[in-house]
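**Q** Fold the following, please.
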Amino acid sequence: MASPLGNADPDLSQKIGRNLEDIRRHLSQATTLIAVSKKKPTSAVRAAYNFGQRYFGENYIQDAIPKIQELRDLSDIKWHFIGHLQSNKAKLAAKYFDVIQTVDSKKLARKLNEACQPLSKKLSILIEINIGNEPQKGGITQANLHELLEFVSSLSNLTLQGFMAIPPADVDPIPFFTEMRTIFDQYRQEYRLKELSMGMSGDYQVAILHGATMVRLGTKIFGSR
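**A** From the prediction side, this is the model:
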């Protein structure tokens, strides 16, 4: 059995372990913890892995691929892409990731579907909703959501799991979490949705209370970047 310390600095490893233990006290059995490992070295990922973490999120393709390749010996890790994904990176994303949480256009969905064909891969995806209608953020608007849902559902190499959202910063997230839960419930039965990804280090407990099935935590686990 691997040592909990892995290859990371022992003090850092123990801190990561304590952070994970504390977070898990606030999670229900229905909540999946995504450890956001962007900008963190593989040693930190190994430390979290050795304390039982299996789901990791990355924001940047170019940073993630070397990390994923280096950690191939940890075969049961599930990699989630949680950043903005350009359609010209769809082939790489489809190859290296298990879940894409930020699908927000027909073009991107089509490219991912096409990329999966030669891989004989069924790729799990979430549709990102721009719940605050912020022009600087990715995500589809609610007005265009149903059309994208219909399109994604017609693609044979993609499995639609649910929705992802990031509320506006520096405001009360509760109205946005509440609205996301309403949208999720509206479409859950028709499209057999299972996942609602919302909540980060500063608000994950509130997100869980409002129906999040996935929370994405980086600083809370690994410390500041």
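
**Q** for the helix of greatest length in the chain, which positions count as buried?
**A** Using DSSP state H, we find that the single longest helix of the chain is helix 174-191. By 16 or more other Cβ atoms under 10 Å, the buried positions in helix 174-191 come out as Phe176, Phe177, Glu179, Met180, Arg181, Ile183, Phe184, Tyr187, Tyr191. (Glycine included, C-beta is placed from N, CA and C.)

**Q** same thing with stretch 138-151?
**A** Neighbour-count burial for stretch 138-151 flags Gly138, Gly139, Ile140, Leu145, Leu148, Leu149 (criterion: 16+ other Cβ under 10 Å).

**Q** got the contact list for Asp9?
**A** Ser43 (Cβ atoms under 8 Å, 6 or more residues apart in numbering).

**Q** no, scratch that, I was asking about Arg24
**A** Leu33.

**Q** quick revisit: what is the longest helix of the chain packed up against?
**A** With contacts taken as 3 or more Cβ pairs under 8 Å, 6 or more residues apart in numbering; DSSP states H and E, helix 174-191 sits against helix 145-153, strand 158-165, strand 195-197, helix 204-209.

**Q** For the protein, which segments count as helices?
**A** 10-24, 42-50, 61-70, 90-96, 106-116, 145-153, 174-191, 204-209, 219-222.

**Q** which of these is buried the deepest?
**A** Greatest average neighbour count among the helices of the chain goes to helix 42-50 (a mean of 22), per mean count of other Cβ atoms under 10 Å.

**Q** Phi, psi for Ile131 please.
**A** Torsion angles at Ile131 (phi, psi; degrees, to the nearest 10) stand at phi -70, psi -20.

**Q** pretty sure it contacts Glu179?
**A** Yes - between Ile131 and Glu179 there is a contact at 6.1 Å, judged by Cβ atoms under 8 Å.

**Q** for the chain, what are the low-confidence residue spans?
**A** Applying pLDDT under 70 to the chain picks out residues 1-8, 225.

**Q** Mind doing that once more with 50?
**A** Scanning the chain for pLDDT under 50 picks out the ranges 1-6.

**Q** rewinding a little: just name the closest of the buried residues of stretch 138-151 to Lys111, please.
**A** Using Cβ to Cβ, Leu148 comes nearest to Lys111 of the buried residues of stretch 138-151, at 13.9 Å.

**Q** Ignoring the adjacent residues along the chain, who's closest to the closest one?
**A** Ile140 (5.6 Å; Cβ to Cβ, 6 or more residues apart in numbering).

**Q** wait, that neighbour sits on Asn130?
**A** Yes - judged on Cβ under 8 Å, Ile140 makes contact with Asn130 at a distance of 6.4 Å.
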